[in-house]
Structures are given as C-alpha cells and as structure tokens.
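# I'll drop the sequence and a predicted model, then ask my questions.
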Amino acid sequence: MGRRDWIKALISSAPKGTKALAPPDTPEGATLSRMVPREPLTLLAGIGVIALLIVFVLLPILAVVTYPPLTDYLTLPENGRWVRAAMNTCRMVVLSTTTATFVGFVYAVAISRPELRGRWTLRLIATLPLFSPPFTLGFSFLLMYGRFGLISHNILGFEASILGWKSLWAVQTLTHFPFAALAIERALAITPARLEAAARNLGASGLTVFRTVTLPLVRPAVAGAALLIATYVLADFANPLVIGGDFPLLATEAWYRIDGWGDIGGAALLAATLLPPALLFFVAERFWVSQRNYSVISGRGGALGRLPLPRLVTWALIAICVVIATLILSLYFGIIAGAFTETWGVDWTPTLDKWPVAFSKSDHLRNSVVYAATAGLAATFFAMPAAFLVDQRAIPFRRTVDFLCVLPAAVPGVFIGIGYLLFFGGTPLAGTAALMILAFTFANLPFSYQVLRSGLAQIDQNLGKAAANLGASRLRVLWDIHCRLLWPTCVSAWTATFISCITNLSIAIFLVTSATQVTTFSILGLIGDNRLEAASALTTALLAITLVTVLIAWRLSRTPRLLSVVVDA
Amino acid sequence: MRDAYVQLIGLEKRFGSFVAVCDINLTVPEGQVTTLLGPSGCGKTTILSLIAGFQQPDRGEIRIKSLRVNEIPPQRRGAVIVFQDYALFPHLSVFENVAYGLRRRRLRDPELTGRVDKMLSFLGLIDERAKSPLQLSGGQQQRVALARALVVEPDVLLLDEPLSNLDAKLRVRVRTELKEIQRSLGKTTILVTHDQEEALSISDRIAVLEAGRIRQVGTPYELYTQPVDAFVADFLGIANFLPATVLDTSQGSVLLDTPIGGLRAESIGFRPGQTVTVVLRPTALRLSSTSTAGTVKATVRSTSFLGGFRRYELLVGHFPVIADQPMSGDADNHTELWLSVDRGAGLHILPAGPRS
C-alpha cells in the first residue's frame, strides 16, 4: 500500500475489499475471454497501449541504465564522495525504516483500539503528511527546531545548526511512519476479534494473545510497510536537500551533478545505482510479502468485540501517540505561522506582506494545478483501457503489459526525471509542459492501473452477463456496468495522482524550464534563498489547494448518482 | 448422579437499551448435550459468550461445577468454544492449532505431542497435522476446531452453530460424527443452533429461546409433542394450528369444535366455552379417497412429493390444513379427499387462541 493507496482509501467509498478478490487468473475470467471475439478495434487498442508503455516507461528507464559507459560503472567505487553517498543512503534507509515502522506500529495499535476515544483525531493527524509536498516536514523542522527555530531558539534558547543526518532521520521517521501506521492498522482491523477470543478461550492471557496470534497475523503488513518505507527513504530527495546539510546521498548527489556540473552522465550513473535496491524492495513487497498475507475469512458472528487492553498499556500508547501527533501538528503550525510572520526567528510581527511574493508565483501555482490535473486525467484514461484489456485477456503479451504498467512504482522519481531528460532530450517534446505531464502520468500509472484492475476484478462477472442477457451490447455493458461501478475508483485514482503530482519535486526538478516552473520547485528555491516566510506562504497555498481538491473529490465519489446524471444529460 | 454441571441463574445482558438476554435460568446436566435453539437474534450466541467469559452479564450468575465463574477471566474458565467459522489460526499448522491450548497450559513434550497426536488420530486428522488449516476442507477444518477444543479437556464444550458452514450432505454426516464423539467422551456440551432438525437429532435437552427469553426446556420428544406455545410448536417443525372451542369436559376428556370437525382429546383443566388452539402435526392426519365416519371433506390445493412422503396442502371449508402421507400411488390425482385425525396421535392443546 503506497501513499496513493491511502489517499484513495481515505477519500473513496469504493468497495473496500469486503468481497473476496477473485484472483486475476480464475477460470471464470478465461471463459469470459473466450466470449470476447478478437475484434480488430480491440487489438488496435492493445497495440496502442503496448506502444505507449514501451516509449514512455521502458525506453526512458533503459536510457538511464545504458547512458553511462560500462567503465564508469566499474570506476564507481573509486569516487570517495559517491561511495560515502552510497553508505549514507544505506544508513539512512536502515535507520529511518526501522524507526518509522516501529513508531507506525505503536501508533497503529493505539488507533485500532476501540476504547480509545480520540483515535479519529490521531488517525487524521497521521494522514496529514500524505497530502503534503515531500519536503514539508523537513522545511518546518527547520522553522521550529532550526538555528532560528521557534522552539529551539526562541523558547529554549539554543542556537545550533540542526542540519545533518540526525535531523534528517527524525524528519524521515515523521514523514514516513503514517504508511506503517495505516497499513498495520488496516491489518489489525481485519484480524477477526474471534481469533483473539479463541486464543483467550484456550487459555492465553492478554499479552500472550498479542504475541502468539495478533503479531504473527500482522507481520506481513509490517514487513510490507517496512519495504515500502525503505523505497521512499531510498528515493527521497526533497528532505535531504532541505535539511540534510552536507550529508551526501545518492539521490541528492545525482541532482548536484546536473545542477552544479551539468554532468548528466554522472547523474545517470548515480540514479542507476538506486535502481537495484529499489527493484529489490519492490519485488520483495510484491511477490514475497503480499503473498503471505493471511486472507483471514471474516465470516459471520462478528458481534464479538475486542477484549480490552490493560490500563497501563493503554495509557502508554496514548502518551506515545500524543507526543507524535503534537510534533506533527507543531510542524504544520510552523508552516502556516511562517506564512504570516515578518521575519522568522527575529521579528514576529504578524503580517500579510509575504503573500504578494507568493502570489507573484501564481503562474507556478497555476502550472502545478494544470499539470497535475491533466496528468491525473491522462493516467486514469490510459489506465482504464489497459486495465480493462488485461482483465479481459484481450491484449497480446498480457503479463508483460501488466508488468510495464506497475514498473514505474519500483523506480525512484529521480530516476524517472533523469530518464525523461535523457530519452526525450533533443526531441520536440524536450522542455515542454507536455513532457512534464507525460512524466507525471506514467510515473503514477501503477496506482491508477492497480486500483482499476482490482475494481474490475471486484465487479461480479454475472452483472455483465445479466446486462448482456437483458439485451445490452458489449459497449453498453461497459458503460452501464463497469463505468458506473468504477466511477468512485476513477475519482480517487484521479485525486491521488493529482496530489502526487502537485506535491512532486523529484521528477519535476529535472524537467522544469523557465516556462514550466512548478510550485514545489519555486518553494525549494525560496528556501535556498532563505526567504522562509514566502516559502511558507507558498507551501500553505499548495496545502490549501490539495485539501480543497481532496474534499471535492470526496464529495464527488460519495454521490456517484448525481454525477452520472450530469454525465448522462 | 447427573449433577447440575453448568448453571445459569437469572442471567441478563443488555447492549445499551437493547435487552439481549433476560431472565435466563438453565441447568445443564453432566455428560449431556444441551441445546439453545432459536431464530437468529434470539440471544443464544450471547449466552454462549457469557459462559465463555467474553462478555460480562449485567445480572445473574454463571456456575460451572457449582462454582461461580462470573469473575474468572475467559482464559481460565474451562469452557472452550468451537466457533461458528472455527476461528482457526491461519498462521499456524493444524498441529500447532491443536497444541495451542496445551502450550498455554505449559505442557511440554513429549506429553504435548502425545496428546495432540492422540486427538488428531481420534478425529482422523493425523495425516493433516503439518498442513495449514487453509488447505483443509470445511469438514476437516471443523474437526480441527473440535480437536483444538477437546484436547485441553475442558469442563464444558461450547458449540456455536457447528454445522452451519457445511453443505447439506456433509452436515448430516458430521452431525452423526459429532454425536458419536460426544457420546464416547461423555463431554458436557452446550450447543447453539437455529436448525431444529440439528437440535432434535443431537440434543439430550433443548431450551427454545425467543427474543432473549427461554420459552421452554425439555427433551426433544417433549418439545415436539407438548409444546407450551405456538412459537415452540412452530419452531420445531410444521404444525397445523386449529382454533377450537371447548364444548364438553365431562367423561374425563374434552370435546372440541374445530374447523375440521369435532375432536376428542385426553386433557384436563379446560372449561366449556373456552377458546383454545389445537396443535396437529401433519403426520397425525390421515387421508382417504372414500368418506367414512369421522372424516371431513378436504379440497386439495397442491401436493408436493418430498421423498419419503407426499405433502398435501388442503382446504377444509376455508381453513388451510397441511397433511403428510406416506407414499400412496393413486392419491395424487384426486381433487377431493377425506381427512381424519390418526387415533394414535395425541392432540396437544394450547390454552390461548392461535398466533395471528
């Protein structure tokens, strides 16, 4: 479950996996495919999908890997700074993944307890980082706890640089623990209370039940979350730029090669070294951990509530969660307060003076919104036929297509950015807004594709058959059944892609030109120029746009009938 | 001596303003199967979870072997439950599932393995010991759940709708197995079900529940032949409820006026003019193609062949009557038949008028 999955789960009223997912290779699916004649139009659509996947997914990735000559790969260990970057990356991934998963686990246990009253608030706070640009927490950490930080300097009286790996570690933990918290909470929620009751009934005490039943059942979810967090930390690019100081990491070094040296070969080389571990995490998550999920049959007789925890444990959980939630809230407070402050750390006069600076970048905001919205539409529109054709087995090289559709999920954003830069440099697309939108679209394809696949798989095959049986043509069936039922899924796919794109930095930073500036990039520039208040204002504006979009999408996906009426008219 | 092994005394449980169970008084004798029978939502599973200790009663007392257990936590109650969907641990093998309770009782090898394997062999599961429960069929999963409960030698075995997840054919076989296992171990058992056939075939005693209260307790035969009210009669199989008026109570029996004519029953305590309901099982009715003394004309509305017998839906005047007849080849093309009450069948009379 990635970030977008959670956004989707949060805003969507789409089927929540209550119905058992039919595995994609059921014989039922096979019989249906035999009913589908090989229409020339279908075949043409299939070929189109394949061609686009090759050009926009496969070739850019290959371009990065094949760009540096082999000798460069061999001399990599001789560059001291790069070896250090690799070691640092390794250390950061291990440290941050461990702490983020652990904190997430504790948080999940707390918010899954029904006796905890404020758990809705706690969950809401944990989801905030999902809707923010990746560097939000790093930036705010600087505001609150940095050299001139509100808490560190003005309240506690320290004056010390906090740039460095320890702060980065803290920020990575806070930014990424929500993935673990939400994934593990979901796993805890689907662990039937009856299993715990059965263990109790056979003589296990509260802690023994947790150790022998609950923990083993959520272990796959914990492992999956850890691998996902490892992927994110490995690829994260924005927080190290903002708060890492002189702590070279592979992802940031790749950017410095291009930014400072114009050395695109070195950048490609560094990005390529990110690929093997990223693919490893991806494959491990997808083919190892997710196979181990115990599809616990949640049958009838769910009246049994969960047995309460000991009071001491409950209080300890609450204490930990409140500390974390407060920390997160303080960081968001820092961003918003920064937007209305004269000079952060020096002059605390409330002011609106910084907003004109932010609004002078309104064309960047507009670009961000337009690119993200278009990419969301494009990803959903492209994913729909791809998912449908794969689902119906009406496409040649089905497994390869399936693989290419999810491949970008394994590839760090930096890698995709450099790939598009290399492969499309020199073509008419180079430097255009269209290229940025295409990069966003295909980088986010896996999410749209996967939710639509599972959405299609959850639609009862008999619904289509029933409609056909009552006289609907195949197109009519697609429209009446699949499109109607998948509408909430499409809305959430669009929203999640939108948020992912509007908050993206790692791809955009390699593709921006003066004509295609996006907000995240200009915020980074403002932070670099130490114009923290204007950066806060712009971040606040971005957060507001994101939240409003989520709210609208939430409304839309909850009233599917209203919109289908509009579409019909 | 069959003592009161499990006792429920004035048990009551509410969820908010909803009364789940109320005024439950029940004595469960040692070594027998006592069944809680009722429609869904009648509170029977709540009683089970009160006995197991998953929930606390708001009022009343639970005693196991004359000991009050209200305050004893579920893990030390000695009342082990077989869940409706078995609640097998999906991350543990069959062996480990069965061994779970023994490990919690700090049993060590070789005794642990010995007891688990003995139980697995007893239930014919020894070849599956290393498998995951998810690889087993429904019937096998059910036996694993049973083994897991029996191996800890509980004071009481609780069965929550044990057969409801099995298909019809398997259900009858497992039902027989279950009964044999229970008989051979003499384990005091409380069974919860909504299936009257299951209840009648397995139980030594049945408590019929409706809306959180016990309507009647008795042996299956008692409940079938002498239900205290129309709910119990109806729940334990198809019955005809004839509204009747008492005409005469002299001669030590009552004479009743019913829609199918005058009936005489051995019963006391009624007075002339009283309105009552006569419960007549469909098997207590006889049909013939010729009119004789004591028969009444019935119009055949429909008949259905149900294997061992044919079921007739009849009208006597305007009153609908159901009668089951053993196979008679020539009777099915008649539109009019003559109905009488089997003299051997005892009439059961309920004091009140029929349920609407």
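Sure, I can see it.

# Please name the nearest non-neighbouring residue to residue 231.
With no chain named, the answer covers chain A. Spatial nearest neighbour of A:Thr231, chain neighbours left out: A:Phe281 (4.7 Å); criterion: Cβ to Cβ, 6 or more residues apart in numbering or on different chains. To be clear about C-beta, it is placed using only N, CA and C from the backbone, and glycine gets the same treatment.

# nope, chain B
Nearest non-adjacent residue to B:Phe231 (Cβ to Cβ, 6+ apart): B:Glu210, at 5.5 Å.

# Go ahead and confirm the one you found touches B:Ser40.
No - with contacts counted by Cβ atoms under 8 Å, B:Glu210 stays clear of B:Ser40, the gap being 11.4 Å.

# If you count surrounding residues, which of these two has more?
Higher neighbour count among B:Glu210 and B:Ser40: B:Glu210, with 18 against 9, using other Cβ atoms under 10 Å in any protein chain shown.

# Find the helix or strand that the residue nearest to A:Thr231 is a member of.
Taking DSSP states H and E as the criterion, the element that holds A:Phe281 is helix A:264-283.

# In terms of secondary structure, what does the helix or strand that that helix is followed by contact?
From helix A:264-283 onward toward the C-terminus, using DSSP H and E, the following helix or strand is helix A:311-338. Using 3 or more Cβ pairs under 8 Å, 6 or more residues apart in numbering or on different chains; DSSP states H and E as the contact criterion, the neighbours of helix A:311-338 among helices and strands are helix A:80-111, helix A:119-127, helix A:136-145, helix A:165-190, helix A:532-558.

# Would you confirm that the residue nearest to A:Thr231 contacts A:Tyr232?
No - counting by Cβ under 8 Å, A:Phe281 sits too far from A:Tyr232 to count as a contact (9.5 Å).

# picking that back up, residues near the residue nearest to A:Thr231, how many?
Residues near A:Phe281, counting by other Cβ under 10 Å, number 23.

# which ones are touching the closest residue to A:Ile264 other than its chain neighbours?
Setting aside the residues directly before and after it, A:Ile264 is nearest to A:Ile258 in space (Cβ to Cβ, 6+ apart), at 6.0 Å. With contact set as Cβ atoms under 8 Å, 6 or more residues apart in numbering or on different chains, A:Ile258 has these partners: A:264, A:267, A:418, A:510.

# Check those residues for burial and list the buried ones.
By the neighbour-count criterion of 16 or more other Cβ atoms under 10 Å in any protein chain shown, the contacts of A:Ile258 include these buried positions: A:264, A:267, A:418, A:510.

# And the last one, how far from A:Val401?
Spelled out, that is A:Phe510. Taken as Cβ to Cβ, to the nearest Å, the spacing of A:Phe510 relative to A:Val401 amounts to 27 Å.

# Same check on the second one?
For A:Ala267, the distance to A:Val401 (Cβ to Cβ) stands at 30 Å.

# Same question for the first one.
The span separating A:Ile264 from A:Val401 equals 30 Å under the rule Cβ to Cβ.

# which residues does B:Arg215 contact?
By Cβ under 8 Å, 6+ apart, the contact set of B:Arg215 is B:208-209, B:228-229, B:231-232.

# which of the residues in the helix or strand harbouring it are buried?
Applying DSSP H and E as the criterion places B:Arg215 in strand B:213-218. Residues of strand B:213-218 classed as buried by neighbour count (16+ other Cβ under 10 Å): B:214-218.

# With stretch A:340-358 instead?
Buried residues in stretch A:340-358 (16+ other Cβ under 10 Å): A:340-341, A:344-345, A:354-355, A:358.

# try stretch A:97-108
Residues A:97, A:99-101, A:103-108 are the ones in stretch A:97-108 that count as buried (16+ other Cβ under 10 Å).

# Pick the one among those residues closest to B:Gly138.
When these are compared for distance to B:Gly138 (Cβ to Cβ), A:Ala108 comes out closest, at 32.6 Å.

# Do you know the pLDDT at the residue of the stretch 401-550 of chain A found nearest chain B?
Of all residues in the stretch 401-550 of chain A, the one sitting closest to chain B is A:Ala457 (20.5 Å; Cβ to the nearest Cβ). The predicted structure scores A:Ala457 at 80 on the pLDDT scale.

# same for the host helix or strand of it, what does it pack against?
Element membership of A:Ala457, judged by DSSP H and E, is helix A:445-458. Helix A:445-458 makes packing contacts with helix A:3-11, helix A:362-391, helix A:398-406, helix A:484-502 when contacts are defined by 3+ Cβ pairs under 8 Å, 6+ apart.
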